[in-house]
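Enquirer: Sharing a model prediction with you, sequence too.
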Amino acid sequence: MKPNDALFRREAARLLATLTRAFGVENLTLAEDVVQETLANAFEAWSYNGVPPHYSALLAKAAKNRALDVFRRERTARKFAPEVRRLIESEWTLRPALDAMFLPDALKDDELRMMFTCCHPRLGEDVQVALVLHLLCALGVDEIASAFLVSPAAMEKRLSRGKKLLAESGHLFELTAADFLPRLSAVHRALYLLFSEGYHGASARAVVREDLCWDAMRLVRLLVEHAPAATPATYALAALMWLLAARLPARIDDAGNLKDLFEQDRSLWDEALLAEGTWLLEQSASGEVLTEYHVEAGIAAMHATAASARETRWEHIVELYDALLKIRPSPVVALNRCMAIAQHDGPAKGLEAVRAIPDPGRLAAYPFYPAVLGELELRCGRTAIARGHFEQARRLARNDGERRFLDQRIEKCARKAHS
Amino acid sequence: MNEFVFLWRRPQRPPKTPQQMQETMEKYRAWFKDMEARGHLAQYGQPLEPKTGRVVKDKSGNFSDGPYAETKDIVMGYSLIVAKDFDEAVALCKDHPIFDEGGLIEIRPILKL
């Protein structure tokens, strides 16, 4: 996993989960303030001589002391969670209660609890993902807004709607609750969307917001390590993330250009992630339910085990896309299926399949729709038509990386037209 | 060579998000590492608590809270830097990340006989 470059965010998320449990979910804002103060001091102190080796324990201790102050100051003025209300009345029970809350294992469970809490069924998927990013990945409003291409004001509104509902619900989700499994599916979906946003996202800041991918992987790992949450679907989702993340080093070249699957230098794929992804996929094979994550991980595994695009078993990949479309019909999935068909049966068949996508209007703003048309026309030798499609795609491109990628295609058309 | 105290003066406003804190911290660290590598760092020094301070006014211990002049002027910490002369000390501040935070650097030479 990635080194310390998200250390502040990771620690902030951990502390927030525990402080929210200590204060009660209705005091989420108070918990956020305490996290902010704790980290701000760490920032001041560590700006000189660097981050000390046992930073995590130091931060937990500092946050715990701040929590003690808060309880002493506000135990009569504020309503805390029912399970701590009794404990904080006396100094004899206050400190041991907090000590227990800040033990490493308890911290882990708090993050899980927070994750399930964010995926409240009364919240839309967009709000759930925003909450996960804000509360479990400690991203700021502006940072989340830029990842999802919405205005900071709109994101602020989305988050406060979510937080309000959490506060009203009055308690954090308990991991022993009867609706644990239905809630787990919502958690899967939110983490899947989080990972996809990082992998395929439209953020202007970078072609691939790799951070979001690593965040999603850190959170799905918590599910894998918590036995009741380690279902076949959890393993499949983890496998999918690991197998896709293995390709990240090859997705962008040294010049910062986006590389598609056909151009990637496969020797750059991360072997450790591939191996772990394959192991996770094996673990997912028990049970009877075939989820979309199983199928997508299956597709990723087909690519991972192929030496080149040419040697990939495309007919099998087309079948997997058929299965995926049955579970979750989506025009983007349909478009990917067309590329697989083109690989197996030639570009003309691929084009036929693209034209057969029902309701193509849903892809109208998606730059890779005209880009796929352009690619297939180019392979058919119709350079001028291809160029038109690529130019249309470029107008729809959402960031510089995509624009550079499409500029290269347009140049390629120009070169072919001249030769 | 002369020793200079660098007083880090800044608004007491840390970066807003954990990610920004980390990125800013790494910029400060890069400056210190550069100073160390070039033999300019005598002591890292310490950050100071920004929210509390007392000014004792007389022998009997009367004090007031503060000093809180302009927020821009709060001494957030100090470091001890070695330089040939004032000009070099000032040159070392070039591109320091504190200026992005709306801060400034006060340089005071250690008095010599």
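Expert: Thanks, I have it.
Enquirer: Which positions in chain B make contact with chain A?
Expert: B:14-22, B:24-25, B:28-29, B:32, B:44-47, B:50, B:76-77, B:79 (Cβ under 8 Å from any Cβ of the partner chain). C-beta: built from backbone N, CA, C; applies to glycine.
Enquirer: what about A:Ala40, neighbour count?
Expert: Using other Cβ atoms under 10 Å in any protein chain shown, A:Ala40 is surrounded by 18 other residues.
Enquirer: Tell me the buried residues in the strand or helix carrying it?
Expert: Per DSSP states H and E, A:Ala40 falls inside helix A:28-49. Judged by neighbour count (16 or more other Cβ atoms under 10 Å in any protein chain shown), helix A:28-49 contains these buried residues: A:28, A:30-32, A:34-36, A:38-48.
Enquirer: are any of the residues of chain B next to chain A buried, and which?
Expert: Here, 16+ other Cβ under 10 Å leaves B:14-15, B:17-22, B:24-25, B:28-29, B:32, B:44-45, B:47, B:50, B:76-77, B:79 buried among the residues of chain B next to chain A.
Enquirer: so where do the helices sit in chain B?
Expert: B:18-37, B:86-92 (DSSP state H).
Enquirer: Turn these into JSON lines, columns for mean pLDDT.
Expert: Listed next are those as JSON lines, based on pLDDT from 0 to 100:
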{"stretch": "helix B:18-37", "mean pLDDT": "95"}
{"stretch": "helix B:86-92", "mean pLDDT": "97"}
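Enquirer: Which one, of those, ends up nearest to A:Phe71?
Expert: Among the helices of chain B, helix B:18-37 comes nearest to A:Phe71, with 24.2 Å by Cβ to Cβ.
Enquirer: Give me the residues contacting that closest one.
Expert: Counting contacts by Cβ atoms under 8 Å, 6 or more residues apart in numbering or on different chains, the residues outside helix B:18-37 that touch it are A:5-9, A:11-12, A:39-40, A:42-43, A:46-50, A:138-140, A:143, B:14-15, B:41, B:44, B:79, B:81, B:92, B:96-98, B:100-101.
Enquirer: Could you give the number of residues near the closest residue to A:Ala60 other than its chain neighbours?
Expert: Nearest non-adjacent residue to A:Ala60, counting by Cβ to Cβ, 6 or more residues apart in numbering or on different chains: A:Phe102, 4.9 Å away. Using other Cβ under 10 Å, A:Phe102 has 20 other residues around it.
Enquirer: Kindly report the same for A:His200.
Expert: 13.
Enquirer: Quick check: the gap between it and A:Leu244.
Expert: Here the distance between A:His200 and A:Leu244 works out to 10 Å (Cβ to Cβ, to the nearest Å).
Enquirer: I'd like to know which helix or strand in chain B has the lowest mean pLDDT.
Expert: Ranked by mean pLDDT, DSSP states H and E, the weakest helix or strand in chain B is strand B:63-65, scoring a mean of 88.
Enquirer: and the residue lying farthest from the centre of chain B, what is it in contact with?
Expert: Going by Cα atoms, centre = their mean, the residue of chain B most distant from its centre is B:Ser60, 31.2 Å out. By Cβ under 8 Å, 6+ apart, B:Ser60 lies in contact with nothing.
Enquirer: In chain B, which residue sits closest to chain A?
Expert: B:Thr17 (3.4 Å; Cβ to the nearest Cβ).
Enquirer: from the chain's centre, how far out does the helix or strand just after the helix holding A:Ala40 sit?
Expert: Downstream of helix A:28-49, the first helix or strand assigned by DSSP H and E is helix A:55-74. Taking Cα atoms, centre = their mean, to the nearest Å, the mean C-alpha location of helix A:55-74 is offset from the chain mean by 30 Å.
Enquirer: counting contacts, what elements does helix A:55-74 pack onto?
Expert: helix A:7-23, helix A:28-49, helix A:91-101 (3 or more Cβ pairs under 8 Å, 6 or more residues apart in numbering or on different chains; DSSP states H and E).
Enquirer: Kindly reformat these as JSON lines containing distance to A:Pro358 and mean pLDDT.
Expert: Below are the helices and strands packed on helix A:55-74 laid out as JSON lines (distance: least, Cβ to Cβ, whole Å; pLDDT from 0 to 100):
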{"stretch": "helix A:7-23", "distance to A:Pro358": "41", "mean pLDDT": "94"}
{"stretch": "helix A:28-49", "distance to A:Pro358": "43", "mean pLDDT": "95"}
{"stretch": "helix A:91-101", "distance to A:Pro358": "53", "mean pLDDT": "88"}
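Enquirer: quick one: which of those is nearest A:Lys79?
Expert: Closest approach to A:Lys79 among the helices and strands packed on helix A:55-74 is made by helix A:7-23 (9.9 Å; Cβ to Cβ).
Enquirer: which residues touch residue 90?
Expert: If you meant another chain, say so; for now it's chain A. If a contact means Cβ under 8 Å, 6+ apart, then A:Ser90 has no contacts.
Enquirer: Actually, chain B is the one I wanted.
Expert: B:Ile107.
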